[in-house]
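Enquirer: starting from these lines, generate the structure:
(one chain, ligands or ions: 1)
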Amino acid sequence: MSLGYRYVGPPDIAARARHEPAGRAIRSGADFLSWYAGADHRDPLFTYVVTVDGVLRVAPRRSEHVACAAGADVLAAGEIGFAADGRVVEVTNQSTGYCPDPSCWPAVAAALDAAGLTHPGGFTSEFVFRHCPSCGHLNLIKDDDYTCAICGAALA
Ligand SMILES: [Zn+2]
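Expert: So this is what the prediction gives:
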């Protein structure tokens with residue numbers, strides 16, 4: 001039984017991810033400040049996951065979510081941006097590796113609250129993903145159009 005989302009992206013990316021370090025665990029304001037001081041800020045957004053034990057892990061944006069999560073299931077995944085004081089200014093559920101539903105927000109909020117990081121109270125951008133049951137294409141749902149962009153099949 002899985003508590004959260006399993007990796008559903010390409011197997012070769014998961015295989016490569018086994019050789020990359022997991023994301024940095026942020027359990028407190030001190031964890032955040034120490035990580036943030038050494039982080040590369042050329043890109044203001046970072047990859048994040050919330051692990052099944054409710055811990056926020058962050059990594060450079062070029063990192064795959066599956067690497068950030070060390071290949072494990074997650075409660076949430078997406079991209080996140082911070083102000084220098086730890087305030088979360090941007091947070092999304094954009095992860096094509098895990099395709100988390102926007103309903104995963106409470107897990108994100110709980111992990112941020114646990115680390116003492118203030119947040120906007122919801123995703124700043126929400127994404128809905130559906131794999132096509134017919135052709136397997138990963139669709140990003142726009143305007144409530146639940147049909148596959150490749151083959152036109154209905155998406156559940
Ligand atoms: Zn399709």
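
Enquirer: list, one by one, the residues from this protein near the ion.
Expert: Residues of the chain that fall close to the ion, judged by C-beta under 5 Å from the ion: 132, 134-135, 137, 148, 150-151, 153. All C-beta atoms are positioned from the backbone trio N, CA, C, and that covers glycine.

Enquirer: for Val91, helix, strand, or coil?
Expert: Three-state call for Val91 (DSSP: H, G, I helix; E, B strand; the rest coil): strand.

Enquirer: mind listing what the closest residue to it other than its chain neighbours touches?
Expert: Distance criterion C-beta to C-beta, 6 or more residues apart in numbering; nearest residue to Val91, sequence neighbours excluded, is Ile80 at 4.8 Å. By C-beta atoms under 8 Å, 6 or more residues apart in numbering, the contact set of Ile80 is 45-48, 58, 88, 90-92.

Enquirer: doesn't Ile80 lie inside a helix?
Expert: No. Counting by three-state DSSP, Ile80 falls outside a helix, being strand.

Enquirer: show me what it is bridged to.
Expert: Phe46, Val91 (DSSP bridges).

Enquirer: and the strands in the protein, which stretches?
Expert: Secondary structure of the chain (DSSP state E): strands at 24-26, 45-51, 56-60, 74-82, 88-91, 129-131, 138-140.

Enquirer: list the buried residues for the third one?
Expert: Put plainly, it is strand 56-60. 56-59 (16 or more other C-beta atoms under 10 Å).
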